[in-house]
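Q: Need coordinates for the below:
(chains A and B)
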Amino acid sequence: MSLLEVKNLQVRVEEREILHGLSLTVNPGEVHAIMGPNGSGKSTLSHVIAGKPGYEVTGGEILFKGEDLLEMSPDQRSAKGVFLAFQYPVEIPGVATMTFLRTALNAQRKARGESEFSTPDFLKKVRSVAASLNIPQDMLRRGVNVGFSGGEKKRNEILQMALFEPSLCILDEMDSGLDIDALRVAADGVNALRSPDRAMVVITHYQRLLNYIVPDFVHVMSKGKVVKSGGKELALELEASGYAQFEDAA
Amino acid sequence: MNVVLAKTETAHAKSDIKSDILAVARDRLPGTGKVADLRRQALEAHERLGLPHRRIEDWKYTDLRVLMREVLPLAGAPDAAALKRAAAALKLHAIAGARRVVLVDGVFAPSLSETSDLGKDIGIRTLHEVLEAGDAALQAQLFSPDNSDAMVALNSAMMTDGIVIEVADNAVVPRPLHIVHIASGAAPAAMFTRSLIRIGRHASATLVESYIGAEDAKAYQVHDSLIVAIGDGARLDHVRLIEDSREAFNISSAVVTLGANAHFNTFGMNTGSLVSRYQAVIVVAGEGSRVETNGVNLLNGRQHADTTLFLDHAVPNCSSNEIFRAVLDDRGHSVFQGRIIVRPKAQKTAAKMMTRALLLSDEAEADNKPELEIFADDVTCGHGATTGALDDSLLFYLRARGLPEKEAQALLILAFVGEAIESIANDALRELASLAAQRWLAARS
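A: Model (predicted):
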């Protein structure tokens, strides 16, 4: 069974159709890159998969592990194994990162009928993952993302990804706002999480990120649908020729 | 039109309490001679003013003629059954490690209080004792709140009991003092109490005031007041927890005076009562002193809570900081009025006030009225107020991480009130306030 099947998805935001019949199939272990110009609907796709309010699905369906994802609340999707790494992770003053991580992890486990993590086990796990991502301990004591740099926010997203062990990771413009060193650290973190039973959908405007996170498949989106799919060489082709050809084709 | 209104007011003023209340209650009201005279003057002032209403600027958001309508008769002295009900209620609100002093239906209850082994650093007497046989200076101090406010005047006229605490110079009182006001619930009635705490020079103490009702206590009225005098170099940490019955009224006032290099840290948390009003006058009278006055209102249903503060900076080199948070669900109504006056001599004053309200329902209401009157030119003063709903982008982030909606809201609400709760210096009391907030949140899901 495919992990994620998006079939002929049509989505509106305030009377404007953003996705016009998008289809995408992702199997466990695969890394898919979704590329496209601004406004092509890449982020909308990621938001709809994660369940962000404000989008109206007018047609098509999304199946996750064979279940209707659109019927689930965002927290149910998360507990089932969907993880969206935000393009702009929000700052939550007054909620310590550690508290947030433990509350979220235990909420997911509870929803799956699993026992809660004990505090020592949890701390051990967080510390080892944080160390591998160069996240200092004092960052974990601060409010969620409060005062974090762009790179720190992205690393915090990857920390959560490592901690929650989702089966589908959607990385929304992970490279935005990162310099090359920060990008490399983040990409290393993502690559360490690649596994045969986990799939990733990497959404990006630029080919650059794909030098670090090498995809198995590349899809080009334009005007709300996938207009071309191919292997990783498609990304290089785009780098050379740009998106213009697809804008015309769509 | 004006004439008609004036007529109505007069009629109202006469009818809000029984005109013979003083006569009826006479045998219950301590004090004779001068004390009795002061009571009579206070009652006359109250009768002249009547219940406060919306055309009195200080009360514009809390019109007691509409909300409370009348002052209930004085509660009877608690009998054995009342004390038993009170004792049961007390169990749920005991604070570990604190020294408890209990007022049941407005009367000191020795059997529920811990007033033995006080040592030489602290003296505890009842208001009743002091008004009957106390020294004149202390009696005068107890009548120091003036009669310009109708509810303060009523309290002066009717106060039956209360706790008078004196902390000696240089004393460090390790156990928090916990005054617990309990309505035993026999019948709807009013209790009138006044307490006083005097902290000697370079002494420090912690005072907690709780307001609770026994299981069957519903629509009672609490009329309370507190007089605080903090000596030079002294410190008082003060926490108020209003957990009255959800049909009750709590009308309280405080007058606080600080000496030089003194420190007053006060926090109020309001989750109970139908209508509450807390009005405090804080006079910073000595140089180098510091005031932090913070609070949290957590309201739902039709609850109404009004906090009205007047901070008077009379001397140089002092600071004050006010942080208020209101979380309002259903038709909850929170009022914050903060007046700060910086008098001409009070140079180098740093005064800040920040109030924020979180509306969880379209029908909730938050009113903020900051007033800064600054007559000195070298000061740092500021205020800010915000009102808004929970941030959808934060909620979505938390839900995308697996938190169900109510849990996500609860985490954000706790963070919202956290800044005010964090200001409580005593660890155990901070924990207590945090737990009260969590209980409130748990009850709404």
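Q: Quick one, grab the pLDDT at the residue lying closest to A:Phe246 once chain neighbours are set aside.
A: Closest residue in space to A:Phe246, ignoring its immediate chain neighbours: A:Ser222 at 4.3 Å, by CB to CB, 6 or more residues apart in numbering or on different chains. Bear in mind the C-beta positions are built from the backbone N, C-alpha and C, glycine included. A:Ser222 is assigned 92 on the pLDDT scale.
Q: Near A:Ser222, how many other residues are there?
A: 21 (other CB atoms under 10 Å in any protein chain shown).
Q: Now the stretch 301-445 of chain B against chain A: closest residue?
A: B:Ala415 (2.9 Å; CB to the nearest CB).
Q: For that residue, give me its contacts.
A: Residues in contact with B:Ala415 (CB atoms under 8 Å, 6 or more residues apart in numbering or on different chains) are A:Ile92, A:Pro93, A:Gly94, A:Val95, A:Gly143.
Q: and of these, the nearest to chain B?
A: Of these, the one sitting nearest to chain B (CB to the nearest CB) turns out to be A:Gly94, at 2.9 Å.
Q: which non-adjacent residue is nearest the closest one?
A: Ranked by CB to CB, 6+ apart and with sequence neighbours excluded, the top spatial neighbour of A:Gly94 is B:Ala415, at 2.9 Å.
Q: Quick check: the residue nearest to A:Phe246 touching A:Met35?
A: No: between A:Ser222 and A:Met35 there is no contact under CB atoms under 8 Å: 9.7 Å.
Q: Which positions in chain A make contact with chain B?
A: Neighbours of chain B within chain A, by CB under 8 Å from any CB of the partner chain: A:50-53, A:73-75, A:77-79, A:83-84, A:86, A:89-90, A:92-95, A:99-100, A:103-105, A:107-108, A:111, A:143, A:160, A:164.
Q: List buried residues within those.
A: Buried subset of those (neighbour count, 16 or more other CB atoms under 10 Å in any protein chain shown): A:50-52, A:74-75, A:77-79, A:83-84, A:86, A:89-90, A:92-95, A:99-100, A:103-105, A:107-108, A:111, A:143, A:160, A:164.
Q: Return the subset of those lying in strands.
A: Secondary structure from DSSP state E places A:Phe83, A:Leu84, A:Ile92, A:Pro93, A:Gly94, A:Val95, A:Gly143 of these in strands.
Q: check contacts around the second one.
A: With contacts defined as CB under 8 Å, 6+ apart, A:Leu84 is in contact with A:Ser46, A:His47, A:Ile49, A:Ala50, A:Ile170, A:Asp172, B:Ala400.
Q: What strands line up against the helix or strand harbouring B:Val255, and which way round?
A: Using DSSP states H and E, B:Val255 sits within strand B:249-258. In the sheet containing strand B:249-258, its partner strands are strand B:221-230 (parallel), strand B:275-284 (parallel), by DSSP bridges.
Q: Pipe the ones you listed into JSON lines and attach mean neighbour count and mean pLDDT per row.
A: As requested, the strands paired with strand B:249-258 are arranged in JSON lines below (neighbours: other CB atoms under 10 Å in any protein chain shown; pLDDT from 0 to 100):
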{"stretch": "strand B:221-230", "mean neighbour count": "24", "mean pLDDT": "98"}
{"stretch": "strand B:275-284", "mean neighbour count": "23", "mean pLDDT": "98"}
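Q: right, and the ones you listed - which one's nearest A:Asp121?
A: strand B:275-284 (44.9 Å; CB to CB).
Q: Only C-alpha atoms, please: export that closest one in CSV.
A: The C-alpha coordinates for strand B:275-284 follow below in CSV (Å, rounded to 0.1, in the frame of the first residue of the first chain):
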residue,chain,number,x,y,z
VAL,B,275,-19.4,39.7,40.8
SER,B,276,-16.2,40.9,42.4
ARG,B,277,-14.5,44.2,42.9
TYR,B,278,-11.1,44.7,44.3
GLN,B,279,-10.1,48.3,44.8
ALA,B,280,-6.7,49.1,46.2
VAL,B,281,-4.9,52.3,47.0
ILE,B,282,-1.2,51.9,47.3
VAL,B,283,0.7,54.9,48.6
VAL,B,284,4.5,54.8,48.1
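Q: which one is B:Thr115 nearest to, not counting chain neighbours?
A: Using CB to CB, 6+ apart and skipping the chain neighbours, the partner closest in space to B:Thr115 is B:Ile124 (5.3 Å).
Q: after the one helix or strand the one you found maps to comes which helix or strand?
A: Element membership of B:Ile124, judged by DSSP H and E, is strand B:122-126. With elements assigned by DSSP H and E, the helix or strand that comes after strand B:122-126 is helix B:127-133.
Q: Mind listing what's buried along the next helix or strand after that following helix?
A: Sequence-wise, the next helix or strand downstream of helix B:127-133 (DSSP H and E) is helix B:136-142. Across helix B:136-142, burial judged by 16+ other CB under 10 Å covers B:Gln139, B:Gln141, B:Leu142.
Q: what sits against the second one?
A: Going by CB under 8 Å, 6+ apart, B:Gln141 touches B:Leu196, B:Ile227, B:Ala229.
Q: sorry, back to before: just say helix, strand or coil for the residue nearest to A:Gly94.
A: Under DSSP: H, G, I helix; E, B strand; the rest coil, B:Ala415 falls in the helix class.
Q: Just the ones in helices from the contacts of A:Leu84, please.
A: A:Ser46, A:His47, A:Ile49, A:Ala50, B:Ala400 (DSSP state H).
Q: The nearest residue to B:Lys120 once chain neighbours are set aside and chain A, how far apart?
A: Spatial nearest neighbour of B:Lys120, excluding adjacent residues (CB to CB, 6+ apart): B:Ala168 at 6.7 Å. According to CB to the nearest CB, to the nearest Å, B:Ala168 stands 40 Å off from chain A.
Q: Could you tell me how many residues sit around B:Ala168?
A: The burial count for B:Ala168: 16, using other CB under 10 Å.
Q: Give me the residue at the spatial middle of the chain.
A: All of this refers to chain A. A:Ile170 (2.0 Å; CA atoms, centre = their mean).
Q: ah, I was thinking of chain B
A: B:Tyr278 (4.4 Å).
Q: Spit out the contact partners of it.
A: Going by CB under 8 Å, 6+ apart, B:Tyr278 touches B:Arg240, B:Ile242, B:Asn250, B:Ser252, B:Ser253, B:Ala254, B:Gly268, B:Asn270, B:Asp306, B:Thr307, B:Thr308.
Q: now do 10 Å
A: B:224, B:226, B:240, B:242, B:250-254, B:268, B:270, B:295, B:305-309 (CB atoms under 10 Å, 6 or more residues apart in numbering or on different chains).
Q: can you tell me how far the residue of chain B most remote from its centre sits from A:Val95?
A: Residue distances from the centre of chain B (CA atoms, centre = their mean) peak at B:Ala400, which lies 40.9 Å from the mean C-alpha position. From B:Ala400 over to A:Val95 the distance is 15 Å, taken as CB to CB, to the nearest Å.
Q: next one: B:Glu209
A: In terms of CB to CB, B:Glu209 sits 30 Å off from A:Val95.
Q: just A:Ala79 next, same as before
A: Here A:Ala79 is placed at a distance of 20 Å from A:Val95 (CB to CB).
Q: Backbone torsions only: list them for B:Phe143.
A: Main-chain torsions, B:Phe143, degrees, to the nearest 10: phi -100, psi 10.
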